[in-house]
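> Show me the folded form of this:
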Amino acid sequence: MRISGEDARRVQMYRGIARILDTIQEDIQLLYERNELIEIPGIGPSTVEKIGELIDTGQCEYYEELKASIPAGVLDLLSIPGVGPSTAARLYQELNIDSLEALQQAIDDQKLRNLKRMGKKTEEKIKAGLEAVIRYRQYKLMGRALPPAQAVVEALSSLEDVSSVSLAGGLRRRTETVRNAQILAACAIAGKDNCATRLRDALAGMEWIESVDDDWTEYGGSAKLAGDVELQVKIVDPSDYGAALLHLTGSEDHVAELNHRAIEADLEQRGKSEEEIYAALGMPFIVPELREGKGEIQAALAGQLPQLIDMSDIRGDLHVHSTWSDGNETIETMAEAARALGYEYVGISDHSISSKIANGLDVERILNKMIELREINEKISGIEILMGAEVDILKSGSLDYPDKILEKLDVVIAAIHSSFGMGEAEMTERIISAIESEFTHIISHPTGRLLNRREPYQVNVGALIDAAAENNTSLEINAYPERLDLKDVHSRLAKERGVMLSINTDAHGSADLGLMIYGIYTARRGWLEKKDVLNTLPLAELMKWLGER
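Residues are numbered from 1 along each chain as shown. Here you go, the predicted structure:
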């Protein structure tokens, strides 16, 4: 609507309606069928009509007309940091830019700087954002590519001709982004051509596969996984499976070190399993997450591999949102979902005053939330609901609530949600001020990055880690697939400097609680053990730690 030049008040009206719909707990279709939608404040007859159209036909004519009036490439411009609807509209209307490629050409020709209120500085900023988008498009998020890839592996493993099948490459090592998904299959039947045909046909019938290429050979072929992820399938003889899996999993540095050791020992890297190969090289099995050539082989040889954290070690999630701010479900629903996962506790940490776009809680609302949370805690057994808040770190470095509120909270999670463009020294000082606050327990998503969307803000992560160590403040590994922040290398550095980390989902709905596993993967890549993670503590020990802080 904004790109099409619709009235700003109408745009704001639709945004408001979206927020209202997002907070409705009942099934919207049932409300519509009972003619009760119209009774909800802010929902008018026109909105009810459009919702009914979506329910009855699966689409909305008004939306389809809007979409048809704008080239799809213009909407792609919105993926560039700093390019909002108004800028996209100007680029399209004034320079006829209707794709990323057309934008690249216009930047090369220095056309943007000649637009009114644009200038050279803005052009350079958009250029940097465009380069980032082009770079991002080469990679897919591990947390989004992994579920369909795992489903394909599980389905292929049930084929009677397949003796072994596994993910390989970056997905098996759980790298935060991947270029593609790789699967290795060993076929017990005679004739690889036969096996390739069976695998290809099986893939073609799977819901997680968008398309299957025609040019398969006896050694495998490729397909397109859900989410536009390239899938490569390699077929080997069962006797070569272990060596092939080891080499395909990588990383290059890890495999090169193994090869060097094999040559020195005059050994051939062959075997039906990876365990056989590692044992022949005189070391225990090294899990894929550690295979980065970052000292894991030396640690294995010395018997000093870490006992990596596992999902079963997690006792609770301290960063969960509810309908009090921008969450989709109530405190009670989120608590019951956490209890169903076997958690001992859950921290309901809604946004603070300054996060207007996230419906942040002012002082009066957070006090009311405390009352409701206490009542729900008395009602629900089997899990402790902690009163938390995700408190904005203001530009000055101070926290977004007065001390009289902060001291009432069980857990204070401080985070940056504004003024991302500060210089490194200023941003570092800003976050360290929050780390030093007597009320801060955890710094959430410490570098502010959004994978494939936004670069980290300029900050000295090493200085943050040192400050966290000195002040006994926890740094978060945010498990959301788009964040995974802190990332693995920073998590390992924090561990080495004695910082207690916490792994949280930042869940905005009960389904998001399941994202915890991606934080676990990042922690494992960072060599973290159970003792390094705050929310592996039993409730009594956690409350003691929070109280001491």
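
> Between the two ends of stretch 263-282, how far is it?
In terms of CA to CA, to the nearest Å, the two terminal residues of stretch 263-282 are separated by 13 Å.

> where's it relative to the chain centroid, distance-wise?
Offset of stretch 263-282 from its chain centre (CA atoms, centre = their mean, to the nearest Å): 36 Å.

> what's it in contact with?
Under the contact criterion CB atoms under 8 Å, 6 or more residues apart in numbering, stretch 263-282 has outside partners 238-243, 245-246, 258-259, 261-262, 284-286, 300-301. Any C-beta I mention is one placed from the backbone N, CA and C, and that applies to glycine too.

> What is the neighbour count of the residue nearest to Leu146 when sequence neighbours are not counted?
Of all residues not flanking Leu146 in the chain, Leu171 sits nearest, at 5.8 Å (CB to CB, 6 or more residues apart in numbering). Counted by other CB atoms under 10 Å, the residues lying close to Leu171 total 23.

> Does Leu171 touch Ala181 like I think?
Yes - using CB atoms under 8 Å, Leu171 is in contact with Ala181, at 5.4 Å.

> Can you work out which residues contact both of the two?
Counting by CB under 8 Å, 6+ apart, the contacts common to Leu171 and Ala181 are 145, 149.

> returning to that earlier point: now list the buried members of the contacts of stretch 263-282.
When burial is judged by neighbour count using 16 or more other CB atoms under 10 Å, the buried members of the contacts of stretch 263-282 are 241-243, 245-246, 258, 261-262, 286, 300.

> you'd agree Ile413 is in a helix?
No - applying DSSP: H, G, I helix; E, B strand; the rest coil, one finds Ile413 to be strand, outside a helix.

> Domain ranges for this structure, per the record?
8-136, 140-244, 250-301, 311-548 (automatic domain parsing).

> Check the gap between Thr505 and Pro456 for me.
Taking CB to CB, to the nearest Å as the measure, Thr505 and Pro456 are separated by 20 Å.

> Which of those two has more residues huddled nearby?
Using other CB under 10 Å as the criterion, Thr505 and Pro456 rank with Thr505 on top: 22 against 17.

> need the contact list for that one.
Here Thr505 is in contact with 317, 319-320, 478-480, 512-516, 519 (criterion: CB under 8 Å, 6+ apart).

> Just read off the phi/psi values of it.
Dihedral angles phi and psi of Thr505 (degrees, to the nearest 10) take the values phi -90, psi -20.

> And it, how close does it get to Val83?
The span separating Thr505 from Val83 equals 30 Å under the rule CB to CB.

> quick one on the thing from earlier: which one of the buried ones among the contacts of stretch 263-282 is nearest Val412?
Val412 lies nearest to Ile286 out of those, by CB to CB, at 38.4 Å.

> so that closest one, which of the three states?
Per three-state DSSP, Ile286 ends up coil.

> pretty sure it contacts Gln298?
No - taking CB under 8 Å as the contact criterion, Ile286 and Gln298 are not neighbours in contact, 11.0 Å apart.

> shared neighbours, these two?
Shared contacts of Ile286 and Gln298, defined by CB under 8 Å, 6+ apart, are absent.

> Check the secondary structure at His254 for me.
Remark: His254 carries the secondary structure label helix [criterion: three-state DSSP].

> Identify the residue nearest it in space, chain neighbours excluded?
Closest residue to His254 apart from its sequence neighbours, by CB to CB, 6+ apart: Arg291 at 4.0 Å.

> now do Pro238
Here the nearest residue to Pro238 in space, its sequence neighbours aside, is Ala186; by CB to CB, 6+ apart that works out to 4.4 Å.

> Equivalent analysis for Ser251, please.
Once flanking residues are discounted, Ser251 sits nearest to Glu292: 5.2 Å by CB to CB, 6+ apart.

> I'd like to know how many residues surround that neighbour.
By the other CB under 10 Å criterion, the neighbourhood of Glu292 contains 18 residues.

> For the stretch 251-400 of the chain, just list every one of the helices.
Assigned by DSSP state H, counting those that start in this stretch, the stretch 251-400 of the chain shows helices spanning 252-264, 274-280, 296-301, 331-340, 363-379.

> Other residues contacting the longest one?
So that's helix 363-379. Helix 363-379 is contacted by residues 324, 331-332, 335, 348, 350, 352-353, 361, 384-385, 387, 389, 401-402, 405, 408 when judged by CB under 8 Å, 6+ apart.

> Report the residue spans of the chain with pLDDT below the cut-off.
190-193, 269 (pLDDT under 70).

> need the contact list for the residue most central in space within the chain.
Using CA atoms, centre = their mean, the residue of the chain that lies closest to the mean C-alpha position is Pro481, 1.4 Å off. With contacts defined as CB under 8 Å, 6+ apart, Pro481 is in contact with 141-144, 451, 515, 518.

> Out of the residues you listed, which is nearest to Leu130?
When the contacts of Pro481 are compared for distance to Leu130 (CB to CB), Leu451 comes out closest, at 17.5 Å.

> number of nearby residues for that closest one?
The number of residues packed near Leu451 is 22, by other CB under 10 Å.

> Can you tell me the closest non-neighbouring residue to it?
When the adjacent residues along the chain are set aside, Leu451 lies closest to Glu482, with 5.3 Å between them (CB to CB, 6+ apart).

> Assess the claim that that neighbour and Arg453 are in contact.
Yes - taking CB under 8 Å as the definition, Glu482 is a contact partner of Arg453 at 6.8 Å.

> the more surrounded of the two?
It is Glu482, of Glu482 and Arg453, that has more neighbours when counted by other CB under 10 Å, with 19 against 14.

> How is that one assigned, secondary-structure-wise?
When the structure is reduced to helix, strand and coil (three-state DSSP), Glu482 reads as coil.

> Alpha carbons only: can I get the helix or strand Thr122 falls within in CSV?
In this structure, Thr122 sits in helix 119-136 according to DSSP states H and E. The C-alpha coordinates for helix 119-136 follow below in CSV (Å, rounded to 0.1, in the frame of the first residue of the first chain):
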residue,chain,number,x,y,z
GLY,A,119,22.8,12.2,-2.2
LYS,A,120,26.1,10.3,-2.5
LYS,A,121,26.1,9.0,1.1
THR,A,122,22.7,7.4,0.8
GLU,A,123,23.6,5.9,-2.5
GLU,A,124,26.7,4.3,-1.0
LYS,A,125,24.6,3.0,1.9
ILE,A,126,22.1,1.4,-0.4
LYS,A,127,25.0,0.0,-2.5
ALA,A,128,26.5,-1.7,0.6
GLY,A,129,23.1,-3.1,1.5
LEU,A,130,22.6,-4.4,-2.1
GLU,A,131,26.0,-6.2,-2.0
ALA,A,132,25.0,-7.8,1.3
VAL,A,133,21.7,-9.0,-0.1
ILE,A,134,23.4,-10.5,-3.2
ARG,A,135,25.9,-12.2,-0.9
TYR,A,136,23.2,-13.5,1.4
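
> Against which helices or strands is the next helix or strand after that helix packed?
Note on helix 119-136: by DSSP H and E, the next helix or strand toward the C-terminus is strand 140-141. Packing contacts for strand 140-141, counted by 3 or more CB pairs under 8 Å, 6 or more residues apart in numbering; DSSP states H and E, involve strand 177-178.
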